[in-house]
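Participant: Sequence below, structure please.
(one chain, ligands or ions: 2)
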Amino acid sequence: MSVKPLRSVLYVPGDKPRAIDKSRTLGADAVVLDLEDAVAPEHKDAARENVRGALANRWPCPVFVRVNGLGTPWEHADREMALLTGVDGLVLPKVEDARTVGALHLRVPLWPMIETPLGALHAAEIAGVPGVAGLIVGANDLARALRTRPHPERLPLLHALSAVVLAARAYGKVPLDAVYNDVRDPEGFDRECRQGRTLGFAGKTVIHPSQVEAANRAFGVTAAEVETARALLQAWNQARAEGKSVATHGGALVEQMHADEAAEVLALWTQGTAG
Ligand SMILES: CC(C)(COP(=O)(O)OP(=O)(O)OC[C@H]1O[C@@H](n2cnc3c(N)ncnc32)[C@H](O)[C@@H]1OP(=O)(O)O)[C@@H](O)C(=O)NCCC(=O)NCCSC(=O)C[C@H](O)C(=O)O
Ligand SMILES: [Mg+2]
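Facilitator: Residues are numbered from 1 along each chain as shown. Ligands and ions are numbered 1, 2, ... in the order given. From the prediction side, this is the model:
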């Protein structure tokens, strides 16, 4: 089983060459070079050229580019640059329907962002578009559009967060959780990572070097989880060898889906630790 972890996906502003350089060394599972909201309109063209230059040298992880949205003056130039430089994925902001994504006909993995009410309502059809690798939540834009108030448990966003997980998982795509804005609040960040993992997200988008390791930890597997997975698989394999259809491990029922889950944990462990 091949499972490439995307525990931490680091946004890097396209107009910050120093941060772009640094992002090669931070241990993120993927990097998103951002041309959209992190870059002011007057810096868009320079940022695109920075990113073009930086992409001449590869990263030790997949590199995506977040292009400017449909209907903006920069969308075509951004997409052309990203495709010519051979990025590993295109992050598409503020996607609201499947048709616009399908109409792009791009041969690169697509990562639509769900960050508007319409996008959240259409998450399932967007996830189902061929070429879509995963969905990314944009909680800042979503919160603004929904007129929600900040809440420590993201209560006002829960419906949309779960809709994204449901949509992505239904189509075998990767759901990535939103950024946590306060880069000087590691406890709050950990709490939100745990919540995201509990909800079913595969990883978290992050905005600062200090958040990378914490996201890798939160969305990775622990040695204890690996031990449990190994023991469960052993119990399962033994039961199957004895002709039984189900097993128990530690008193709990084990069926095929639990064995599959355990195998996924081991695969993630191997990928995560082997880099
Ligand atoms: C959040 C920041 C503006 C904080 O900046 P700053 O206070 O300057 O950071 P530090 O001084 O602590 O930086 C220390 C060093 O780390 C490097 N750095 C900082 N951020 C990054 C990064 N993202 N990637 C790589 N390297 C980074 C600095 O260069 C310093 O290095 P050195 O000089 O060598 O010491 C800043 O972190 C930042 O700009 N973060 C990214 C913001 C961003 O990308 N925003 C857009 C994506 S989030 C979004 O749009 C959400 C979504 O759409 C939604 O709707 O929710
Ligand atoms: Mg946004």
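
Participant: domains of the protein?
Facilitator: 8-219, 223-274 (automatic domain parsing).

Participant: near ligand 2, which residues of the stretch 151-275 of the chain show up?
Facilitator: For the stretch 151-275 of the chain, no residue is in contact with ligand 2 (Cβ under 5 Å from the ion). Every C-beta, even on glycine, is put in place using the N, C-alpha and C of the backbone.

Participant: Find the nearest non-adjacent residue to residue 91, please.
Facilitator: The shortest distance from residue 91 to any non-neighbouring residue, by Cβ to Cβ, 6 or more residues apart in numbering, is to residue 66 (3.8 Å).

Participant: Surely that neighbour is in contact with residue 33?
Facilitator: Yes. Assessed by Cβ atoms under 8 Å, residue 66 is found in contact with residue 33 at 7.2 Å.

Participant: quick one on the thing from earlier: in the sheet, who's paired with the residue nearest to residue 91?
Facilitator: Beta bridges link residue 66 to residue 34, residue 91, judged by DSSP bridges.

Participant: what sits against it?
Facilitator: Taking Cβ atoms under 8 Å, 6 or more residues apart in numbering, we find residue 66 in contact with 11, 32, 33, 34, 35, 36, 90, 91, 92, 93, 113.

Participant: circling back to that earlier point, would you list the domains of the chain in a markdown table and tack on mean pLDDT?
Facilitator: Listed next are the domains of the chain as a markdown table, based on pLDDT from 0 to 100:
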| stretch | mean pLDDT |
| --- | --- |
| domain 8-219 | 97 |
| domain 223-274 | 93 |
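
Participant: Could you say which of those domains is packed most deeply?
Facilitator: domain 8-219 (a mean of 19; mean count of other Cβ atoms under 10 Å).

Participant: Any part of it near ligand 1?
Facilitator: Yes. Using Cβ under 6 Å from any ligand atom, domain 8-219 reaches ligand 1 at 10-13, 18-19, 22-23, 34, 37-38, 115, 138-141, 178-179, 183, 207-209.
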